[in-house]
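Q: Predicted model follows, preceded by the sequence.
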Amino acid sequence: MNVEKNLMNLGIVQTRKFEFKETNFVAKTVAEKLADNVLELENSYNELYMRIYNCNMSYANVASKFGNVVYFYPNNTLYFDEKFDITKIDEKVIQECIHYLQNFKKFDGSQQRIGVCNFAEFKIYCLGLNEAVTQYIASKAIGEKPHRKNNDKISIYTISDKYYPYLTSLVIQLLFLVGEKNFVNSAIYGADTFENDLYNTFEENTNKILNYFDDILDENNKIDRSEEKIIELYLKTQKDMCTTYFDKIYSRVNTLKEVENYSHKLNEYQNIIGKIIGQSQENDELNKYIKNMESKMNRKYVDIYAKQSKQSLIVVYQSKIQKLFRKVVNWFGSRA
């Protein structure tokens with residue numbers, strides 16, 4: 001009864017449950033798109049199909065704020081709007097199916113994680129990041145590729161124009177810096193490996209960055225959302241990710257190869273950051289940081305090279321002395 005009341009309060013009124021052929025079609029189509037387009041899931045079709053097929057699915061009158069489909073956690077059900085044609089599976093359907101896949105409970109029924117979300121007694125942590133990574137995977141599943149998206153204020157590099165463009169732009173940057181090795185496993189199956197990657201990379205600034213994701217999500221979901229506020233939070237987030245990452249890398253690199261690799265990575269990173277339209281490079285704080293870091297990397301390269309060259313000269317000089325010493329020893333030995 002409480003579930004039905006909660007659904008009605010949200011504007012969701014169930015009309016009828018899916019028939020076998022409808023559930024089968026959704027499970028088959030979504031599993032195929034995920035397995036075909038998300039590299040880390042290419043061998044997971046059977047598992048994805050069986051899990052999605054076991055999801056409760058129903059038609060309903062769904063409030064417009066939810067779009068054509070919404071996943072309701074408390075009763076583990078996907079609700080499709082009566083007017084929606086399920087033969088036209090889109091990224092919103094895949095996004096909600098991923099939310100269902102993330103909803104793993106322990107045998108005792110307790111819940112500690114959903115995707116990359118952590119549940120505490122009074123708060124859910126990393127909800128913004130979870131929405132971002134869910135949308136990123138859903139966009140990949142329908143074949144979307146990262147691209148530039150411009151409006152009259154900012155140019156961002158994102159994979160989703162319609163849903164969470166700023167958050168998915170930040171996910172692209174995050175994965176570029178941290179790597180994708182553990183990303184999908186955490187997003188789909190609730191492993192904590194990607195979270196560990198984040199803390200190992202950004203250390204004491206990790207929570208600050210994750211809170212920015214939450215703040216962007218909160219602002220995005222407001223009825224009177226402010227684009228200016230979202231852009232402000234977006235720029236702060238990418239700046240903190242960039243400066244934290246490359247400051248720590250700079251302090252640790254000590255070989256020519258490492259300096260070369262991370263200088264190249266810094267250069268590549270410039271291609272995926274958001275940029276205010278019409279702003280000069282001189283007034284762009286992140287651009288100034290990147291240029292300064294490039295100079296520091298170049299100086300470090302020269303210093304390492306000079307140190308290695310000096311050591312090589314010492315080795316060569318010592319080698320010549322040793323050869324001369326051996327000749328002298330051999331000469332005295334021959335006269336004994």
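A: Right, received. Where do you want to start?
Q: now the helices: where do they sit in the stretch 1-150 of the chain?
A: Ranges of helices within the stretch 1-150 of the chain are 2-10, 20-37, 45-53, 91-102, 127-141, based on DSSP state H, counting those that start in this stretch.
Q: among those, which is the most enclosed?
A: helix 127-141 (a mean of 26; mean count of other Cβ atoms under 10 Å). To be clear about C-beta, it is placed using only N, CA and C from the backbone, and glycine gets the same treatment.
Q: Which elements pack onto that helix?
A: Other elements packing on helix 127-141 under the criterion 3 or more Cβ pairs under 8 Å, 6 or more residues apart in numbering; DSSP states H and E are helix 20-37, helix 91-102, helix 165-178, helix 183-189, helix 206-220.
Q: try it again with 6 Å
A: Other helices and strands packing on helix 127-141, by 3 or more Cβ pairs under 6 Å, 6 or more residues apart in numbering; DSSP states H and E, are helix 20-37, helix 91-102, helix 165-178, helix 206-220.
Q: if I've got this straight, residue 271 is in a helix?
A: No. Under DSSP: H, G, I helix; E, B strand; the rest coil, residue 271 sits outside any helix and is assigned coil.
Q: neighbours around it, how many?
A: The tally of other residues near residue 271 (other Cβ atoms under 10 Å) stands at 9.
Q: Over to residue 195?
A: Using other Cβ under 10 Å, residue 195 has 20 other residues around it.
Q: cool, the one 4 residues further on as well?
A: Residue crowding around residue 199 was assessed by other Cβ under 10 Å; the count is 14.
Q: surely residue 132 meets residue 172?
A: No. Using Cβ atoms under 6 Å, residue 132 makes no contact with residue 172, being 9.7 Å away.
Q: ok, for residue 87, nearest residue in space, not its chain neighbours?
A: residue 25 (7.3 Å; Cβ to Cβ, 6 or more residues apart in numbering).
Q: and the gap between the one you found and residue 103?
A: 21 Å (Cβ to Cβ, to the nearest Å).
Q: just to revisit the earlier point, same list (the helices and strands packed on helix 127-141) but as TSV, adding distance to residue 301.
A: Shown next, in TSV, are the helices and strands packed on helix 127-141 (distance: least, Cβ to Cβ, whole Å):
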stretch	distance to residue 301
helix 20-37	39
helix 91-102	43
helix 165-178	21
helix 206-220	29
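Q: Any idea which of those helices gets closest to residue 257?
A: helix 165-178 (19.1 Å; Cβ to Cβ).
Q: Out of the helices of the stretch 1-150 of the chain, which gets the lowest mean score?
A: Per-stretch mean pLDDT for these is lowest at helix 2-10 (a mean of 87).
Q: contact partners of it?
A: The contact list for helix 2-10 (Cβ atoms under 6 Å, 6 or more residues apart in numbering) reads 74-75.
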